[in-house]
Structure formats: C-alpha cells, structure tokens
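> Structural data only, the sequence is not supplied:
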C-alpha cells in the first residue's frame, strides 16, 4: 500500500512540475528559471505541510527521488514540447486537477500517519494540493486558482474528507484512496467541463 | 492570566478570519474558497512564527479550537452578512487594527515564553500581527497593508516594545497587556481617523 | 574559515537589506515600513532554508547580530541616502548580484554542514540566494527577478555547483568560496552588462 502512495506522490510531483513549467512559458526565462518554477510548484505545498507539521527536514531533502523526477520532467518538457500551442487549452487545468487529487491524498495520509485529528488531515490534504499551485500563480502574478476558479478548494476538501472518513470507518487503504481520487477528480473535472459552480459569495451583487 | 491570552488569541483569530472573508468578497468564490481565505488570514502569521521558532507542530494543529473558531466565524459571516455593502467603509480597517493589536501581543508573549530576547519578541509580535494580512493581501493581489498604509508596522512594533519593556520592568501581565493593546490601537486608529503619518520615505520626492 | 563565512553572511545581509530598503522607496512608507521590507529581503531566504532543513529556531533568532546589521543598514540608508535618484540605475541590480553570490555560498555551506547531499546543498544555496528577493518583489508587486531576468537562477545554481564540487574534490574552503563567488558574480554581472541570456524558453514563439 505505502508503495502505491509513494508512486502516486512521484506522479503528482511530475504533474505539478509540468504545470509549473507550462506556466513559465509566458516569461522569457532560461532553462534554469523554468526548472525553478517547476520545482516550487511540485514541492511547494508539501514543503509548507512538512514545515507546519514539524516533519523536518522536509520530504524532498530526505528523498532525492523527488528532485530527480522534477529534473527529468522539466528536461523532457523543454526537449519534447516544442509546439505547446498545439496542446488543447484544457491541458493545464486537467493536469492541475490530477495533481490536486493526488496531493490531497498524500497530504491527508502524511498527517494521519503523524497522528493528527481528521480535520487537520483534511487541511493538510488541501494545503498539499493547493500550496504549490498558489506559489506558482503568485510568482506568475496570476490570481491563484483557489480564488479565481469555482469548486477548486471544494474538490480538495471533499476528497480529503472522503479519504479520512473512509479510513476512520475501517475501510481498506486502496479503497479509501480510490474513493478520494474519484471524488476530487469527478468534482473538479465536472466543474471544468460544465462550468459548474456552488452558489458564489459575492459582496457586490448579493442581496437578501 | 494565560487564560486571558488564550481568550484574546481566539478573538483575534475570529477578527482576522472576518477580514479574510470580507476580502474574499470581490472574487466569485464559493463558500469553501471564502473559508480558505479566512483561514490563511487568521492563522498565517502565527504559523510562520511557530515554524521560525521551531514550535512545531504549529499551534492550530495541536489545538482544534482555532479551526472551530474560523469555521464558526466564516459560517456566521456567510449566513448573516447579507448586506455587507451597508457596512461602513471603515469596518475592515478597524477590525484589522483590532486583530493587529491582539496578535502582536500573542506573538511577543509566545516568543518570550520560549526564552527569546526582547528584540526577537517584538519581531515575532509584528510577524504574528501582519503575517496573515500580508498573505491575504498577496492572494487578493492587493499591495499589502504593511506597505500601503502609513503607521501600520509602526503601531505593531511600538505595541510589541511596550509589552516587552513592561514585562521586563516587572510589571503585572494584565497591565502590560493593557498598555500594549492601548498603544497599538491608539496609534493605528488615530492614523486611520486623522490620516496621520510619520515622515514618509519616498525615493522620488525626497530632497536634502 | 568559518569566521569568513560568518563575515560574508553579515555582508550579504547588509546588501540585501539595502536592496529591500531601495525597493521600498516607491511606496509612501514610514521608517518602520522600510525596515520591515529591508528585513524580509535580508533574512527571508535564509529563514525559509532553516525552516525546511529543520534548523530551528532559525539563524537570526539565535544570533542577534543579523538584526543589528539590518537595523544599522536601514538607519544608515534612511539618514544618508537622501538623493537616491542620483544613484546610477544599475546600483540595485549590482547590489543584488553581490547578495546573490554571497547567500548562495552561505546556503550551500549550511546544508553541507547538516549533512545533506550535494544536490540539496545547491538548492539550499539557490533558495537562500533568491528567497529574500522573491519575497521583496512579491510584496512590491514586481515580477520576481528570478522570473523576469535572464541568467539569474542560472548564476546561483552554477555558483552553488562550483562550491559543492570544489569542496567534494577536497579543495580548500577559501578556494571553493573564491571559485563560487567569482562564478556567480561573473555570470550575473556579465548578464547585466551585456544583456546576455541563455536560449529562452518561450511557449508563444518557440518553433521546431
């Protein structure tokens, strides 16, 4: 089981590194600059999580594989993706949704292993899922996805709740993982596909 | 005494959660997005403080009450505040001033309890007071209050110095708390009310 | 040797505090606000480094000299630099390059002392070198230098690699320091002087 978690963690790292590299495209950055943006997107959320939990040195300092995955992903992207304007417009949001789902589970799992309460596990899942993307968007001076996109934090929070409750109900780890993965991905991809949104809270237009 | 500090800490958490939720109003966010912005504003500064001090896991991971206060404040805000356009324009700055005063004291107090020097206590007070608001403003792409507003860092720093010096002079904890609270609030609210400012440092206009 | 590293660390702190104070000039901030921006620029990168490494409380909490250097630098700047519009345009980038070179070495050195691998040491050098400037630029709503400037991360990464490889090859510490210092400064200053750049990665214009 824990090997699956580890494998998914490396997959999520690659996916988020990719979204970081793609976001870098709008600046005239050299290869090292693209690498920096890929790296902060991939490990930013998990680093904040580990620093808050006191699980230091943080994960990628102890395990070089994360750095290698980021290096390989960025290199492959720089070499192979030469016509990114041919990529469909939805590629970045969909890759981001996958990373969000994977990292939500990883974050919740790590918190539970350290013995936190369920609510803290959900928060750590959210933080791991959205933290790297927030840093990426801040550096690129975009409004962070978690603010500008309907049903974004929602997808991560519900996935984290699904994962935590499934485990606390005594469910098998793989089943809990599948439930959480499907919850987050279904909610987020549906929101992308059909522009779904929860009732928005809007100071300017809201009336009684 | 420490119960009072704890009570004020929860009050400051509610106040800053409120400023975060209010700042969220300009984006079409759903309830979970508003909750995220309320939470980072409320616990952002204290989380940075604890991570730098090595007081990990950070405070809200160990004590679920902070999360509950944020959940309750955000829920109350979403349900009750339906005509925020009727709130006076100064509500956000005044709530922010109250949070600044409360968190400055909390931050300095926690640092002193861990045995830091007085100057570090003042810095930790400032960091706790302004950290959450800076994250809130960055996420909302506002120039952070600490930069755009005259006598903002000043109010926190002088309040922190007042608190630390009062304690080091052997004063009663409640008296030190009252002095610090009054200092920060008086300075900050006066600056808001009468647009007071210290001599500004301005590269473009300054002359000998 | 370690005394030299310490001396250079304080020099780098002064240099980055200066770039922070200079960046503050465009806002109508009072002296305390300038001090805050000087401080986050000077110790931001190292604080993130220490938090990630688990070397807490972070360096400036344990050693008051860093705070004193920042206080003295900011005071000197506010008192002495009264006609900054007379400073050549290149002053800020050149001071920034010096800070980048110094902090890259400090960060790599601290990581190696804690027993990390060489690749983590290079990353910690980069983080120490660019972290404070990124926070400065984010607070001032500038696109961070590491994104907008060609050969910026590159200069730090190559300096860090030079330092780490030199030490691992059994070279004298001072020699390794000189090599790293010269590498970063030469690369960065050449890029500034002759507008050099590595092939930029640009999603919009890149063709096969």
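Yes, it's here. Everything numeric here is computed off the predicted structure, so don't read it as measured data. Residues are numbered from 1 along each chain as shown, chains lettered A, B, ... in the order given.
> Next secondary structure after the helix or strand harbouring residue A:162?
Here residue A:162 sits within helix A:153-168, counting by DSSP states H and E. Downstream of helix A:153-168, the first helix or strand assigned by DSSP H and E is helix A:173-194.
> wait, residue A:20 sits on residue A:136?
Yes - Residue A:20 is in contact with residue A:136 according to Cβ atoms under 8 Å; the separation is 5.2 Å. Just so you know, the C-beta spots here come from the backbone N, C-alpha and C atoms, and that holds for glycine as well.
> what sits in contact with each of these two?
Residues touching both residue A:20 and residue A:136 (Cβ atoms under 8 Å, 6 or more residues apart in numbering or on different chains): A:37, A:40-41.
> Out of these, give me the one that has the most neighbours.
residue A:41 (32 neighbours; other Cβ atoms under 10 Å in any protein chain shown).
> Please, which helix or strand holds that one?
According to DSSP H and E, residue A:41 maps onto helix A:31-53.
> Now do that helix, average pLDDT.
For helix A:31-53, the mean per-residue pLDDT is 93.
> anything in the helix or strand just after it near chain B?
Using DSSP H and E, the helix or strand that follows helix A:31-53 towards the C-terminus is helix A:59-62. No - applying Cβ under 8 Å from any Cβ of the partner chain, one finds helix A:59-62 out of contact with chain B, separated by at least 14.7 Å.
> Give me the contacts around helix A:59-62.
With Cβ under 8 Å, 6+ apart as the criterion, helix A:59-62 contacts A:43, A:46-47, A:50, A:66-67, C:52-53, C:116, C:120.
> Pull the most distant pair out of the residues you listed.
Longest distance between any two of the contacts of helix A:59-62 is 17.2 Å, between A:46 and C:116; criterion Cβ to Cβ.
> When these two are compared, which one has more neighbours?
Per other Cβ under 10 Å, whichever of residue A:46 and residue C:116 has more neighbours is residue A:46, with 28 against 21.
> Could you check how far the more buried one is from residue C:52?
As judged by Cβ to Cβ, to the nearest Å, residue A:46 and residue C:52 stand 11 Å apart.
> where do the contact lists of the two overlap?
By Cβ under 8 Å, 6+ apart, residue A:46 and residue C:52 have these common neighbours: residue A:58.
> Looking at residue A:20 and residue A:136, which is more packed in?
Comparing residue A:20 with residue A:136 by neighbour count (other Cβ under 10 Å), the higher total belongs to residue A:20, at 31 against 27.
> need the contact list for that one.
By Cβ under 8 Å, 6+ apart, the contact list for residue A:20 reads A:37-42, A:132, A:136.
> Would you mind putting those residues into TSV with distance to chain C alongside?
What follows is the contacts of residue A:20, written out as TSV (distance: Cβ to the nearest Cβ, whole Å):
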residue	distance to chain C
A:37	7
A:38	11
A:39	8
A:40	9
A:41	13
A:42	12
A:132	14
A:136	11
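> Could you point out which of the residues you listed is nearest to chain B?
Within the contacts of residue A:20, proximity to chain B (Cβ to the nearest Cβ) peaks at residue A:136, which comes in at 13.0 Å.
> correct me, but the closest one touches residue A:37?
Yes - the pair residue A:136 / residue A:37 is scored as a contact, 6.5 Å apart, by Cβ under 8 Å.
> tell me, what's touching the two both at once?
Listed as contacting both residue A:136 and residue A:37 by Cβ under 8 Å, 6+ apart are A:20, A:23.
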